[in-house]
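K.L.:
mind looking at a prediction? Sequence and model below.
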Amino acid sequence: APRDMRDMLWSSVDNPESRDLDQIEYAGQLDGGDIRVLVGIADVDALVPQGSPIDAHAAANATSVYTGVVTFPMLPDALSSNLTSLVEGADRPALVIEFVVTPDGTLRTDTVYRAVVHNHAKLDYESVGAWLEGNALPPAVGAVAGLEAQLRLQDEATDRLRELRIRNGAPDLETIEARVVMDDGHVSDLRVLHKNRARYLIESLMIAANGVMAGMLEDGGRPFIQRVVRTPERWPRIAELAAQLGDTLPSTPDPRALAQFLARQQRADPVHFPDLSLAVVKLLGAGEYTLVRPGEAPAGHFGLAVSDYTHATAPNRRYADLVIQRLIKAQLANAPAPYSADELAALATHCTERDKASKKVERRMRKYAGVAIMRGRVGGVFDAIVTGASPKGTYVRLLAPPVEGRVLRGERGMDVGDQVRVRLIGVGEDTGFIDFARA
């Protein structure tokens, strides 16, 4: 039977506008300096049974699409924004991932179980992040007795987990995509939200929770799916960027060396770290879902997928995460596996394809937003970073505003990660094209 954990001081931290709340967190101090961390994941499967019409609808979508203007949810809104969301002030079924973080950042005694939970405070990244970085306590935190100390403890666990992540070769990258800012129904800006302490906190706890779930599935001796980044083809260029910064990377791909290099660069030059992160992400390539058979490591696994660190912690937003939730629930109940290896392989392919399609839509929307912002600035000169260089074309992202476009003149010799100056030579109102020439 599910454990009753409604009285524990759970809270969620997400984007201010998010209503599809997938996870909540809690931490407790143990003897000897250990911190016990609980991550509650919405039990979407409880209301979306496998094979039901809503399940078929979710499987076809495979992901929610966030355009910045309109959100197209994977599940009907009545579910993802309410009944299967860990909304503030409501009792909800959840899967709880529990682990202990020791003072040196290692994990021990982890477990997964079903529970009933209650979100006591819906918090947002910006206000919590600003507070953790030394600014005023958000009213939503101050309004709940004990929540301030609770979040400080989660932040302490996050600091410890950082070292573990670097040792495990999980690259720490600051690559949050530009968000479309709307004002009275019109695009007013594109803004990059930087990874503050609150975003970092949630990312770290989700990576740890995902590691626990992946380990449990591996130990269960059943096939499952996981999101991986295959070995990067453009590693020599990543090593070249490191050399330009006076650092060195080995000639063969090494996730641990990359993670350590990035940590050094973040400390040495935090201002330019987002630009380096963007270049490294483009050179690593996209994550994809893959079948993992019992007893084998994922093929070509290179660290965690960079921008999609939560392989299994967002079942309202990604179908693969709902599939993994079902695999875990079946294993907990000693029930037969809900999917065959062949079914999982097909789902992995489908989810990868839909993920790429959704990213394409999101990029296209950013392009049209960029056109709206840049249409009056033709002839202007901007600082930019090269984000793509191939026979298909050379692409840059301006540092401010963070608009992406193609370099049509003077692009010869440019490569990903180069800092360049470009002149805006044209915008396409209908096509979304933004064209530059080397300045």
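P.N.:
Done, it's in. Predicted model, so just to flag it, every value in this text is computed and none were measured.
K.L.:
I figured residue 119 hits residue 92, correct?
P.N.:
Yes. If you go by Cβ atoms under 8 Å, residue 119 and residue 92 touch, sitting 7.4 Å apart. Any C-beta I mention is one placed from the backbone N, CA and C, and that applies to glycine too.
K.L.:
can you work out which residues contact both of these two?
P.N.:
Common contacts of residue 119 and residue 92 (Cβ atoms under 8 Å, 6 or more residues apart in numbering): residue 86.
K.L.:
residues in contact with the helix or strand hosting residue 258?
P.N.:
Assigned by DSSP states H and E, residue 258 belongs to helix 255-268. For helix 255-268, the external contacting residues (Cβ under 8 Å, 6+ apart) are 165-174, 238, 242, 245, 247, 249-250, 273, 276-277, 280, 302-303.
K.L.:
restricted to buried residues, select those in ChimeraX.
P.N.:
Only the buried entries of the contacts of helix 255-268 go into this ChimeraX selection, using 16 or more other Cβ atoms under 10 Å:
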select :165,166,169,170,171,172,173,174,238,242,247,249,273,276,277,280,302,303
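K.L.:
keep only those of the contacts of helix 255-268 that are in helices.
P.N.:
Counted as lying in helices by DSSP state H, out of the contacts of helix 255-268, are 165-167, 238, 242, 273, 276-277, 280.
K.L.:
make TSV out of the residues you listed and add pLDDT and distance to residue 383.
P.N.:
Shown next, in TSV, are those (pLDDT from 0 to 100; distance: Cβ to Cβ, whole Å):
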residue	pLDDT	distance to residue 383
165	76	31
166	77	30
167	75	35
238	94	22
242	96	22
273	88	16
276	89	15
277	88	17
280	90	19
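K.L.:
list the buried residues in the top strand by length along the chain.
P.N.:
The longest strand of the chain (DSSP state E) is strand 107-124. Judged by neighbour count using 16+ other Cβ under 10 Å, the buried positions of strand 107-124 are 107, 110, 112, 114-124.
K.L.:
cool, stretch 80-90 as well?
P.N.:
Counting neighbours by 16+ other Cβ under 10 Å, stretch 80-90 gives 80-81, 83-88 as buried.
K.L.:
distance between the ends of that stretch?
P.N.:
End-to-end span of stretch 80-90 (Cα to Cα, to the nearest Å): 14 Å.
K.L.:
so for stretch 79-89, first residue to last residue, what's the gap.
P.N.:
With Cα to Cα as the measure, stretch 79-89 spans 16 Å from end to end.
K.L.:
list of residues touching that stretch?
P.N.:
By Cβ under 8 Å, 6+ apart, stretch 79-89 touches 10, 12, 19-24, 40, 42-44, 46-48, 54, 64, 73-75, 92, 94, 117-122, 315-317.
K.L.:
strands of the stretch 251-400 of the chain, residue ranges please.
P.N.:
Along the stretch 251-400 of the chain, the stretches classed as strands by DSSP state E, counting those that start in this stretch are 288-292, 381-390, 393-398.
K.L.:
can you lay out the ones you listed as CSV showing mean neighbour count?
P.N.:
Listed next are the strands of the stretch 251-400 of the chain as CSV, based on neighbours: other Cβ atoms under 10 Å:
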stretch, mean neighbour count
strand 288-292, 21
strand 381-390, 18
strand 393-398, 22
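K.L.:
so for residue 207, which of those strands sits nearest?
P.N.:
In terms of Cβ to Cβ, the element of these nearest to residue 207 is strand 288-292, at 17.1 Å.
K.L.:
which elements pack onto that closest one?
P.N.:
On a contact count with 3 or more Cβ pairs under 8 Å, 6 or more residues apart in numbering; DSSP states H and E, strand 288-292 meets strand 224-228, helix 341-374.
K.L.:
pretty sure residue 6 contacts residue 94?
P.N.:
No. Using Cβ under 8 Å, residue 6 is not in contact with residue 94; the gap is 10.3 Å.
K.L.:
need the pLDDT of residue 298.
P.N.:
On pLDDT, residue 298 comes in at 61.
K.L.:
now swap in residue 104 and tell me
P.N.:
Model confidence at residue 104, given as pLDDT, is 87.
K.L.:
what of the one 3 residues further on?
P.N.:
In this model, residue 107 is scored at 88, pLDDT.
K.L.:
the residue nearest to it when sequence neighbours are not counted: neighbour count?
P.N.:
Once flanking residues are discounted, residue 107 sits nearest to residue 99: 5.0 Å by Cβ to Cβ, 6 or more residues apart in numbering. Residue 99 is flanked by 22 other residues according to other Cβ atoms under 10 Å.
K.L.:
make 862 the starting number, not 1.
P.N.:
All right, first residue 862 from here; so that's residue 960.
K.L.:
and residue 960, what does it touch?
P.N.:
Contact analysis of residue 960 by Cβ under 8 Å, 6+ apart lists 897-898, 968-972, 1069-1070, 1073.
K.L.:
with distance to residue 1050 as new columns, can those residues be given to me in JSON lines?
P.N.:
Formatted as JSON lines, these follow (distance: Cβ to Cβ, whole Å):
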{"residue": "897", "distance to residue 1050": "42"}
{"residue": "898", "distance to residue 1050": "36"}
{"residue": "968", "distance to residue 1050": "41"}
{"residue": "969", "distance to residue 1050": "46"}
{"residue": "970", "distance to residue 1050": "47"}
{"residue": "971", "distance to residue 1050": "42"}
{"residue": "972", "distance to residue 1050": "45"}
{"residue": "1069", "distance to residue 1050": "34"}
{"residue": "1070", "distance to residue 1050": "34"}
{"residue": "1073", "distance to residue 1050": "39"}
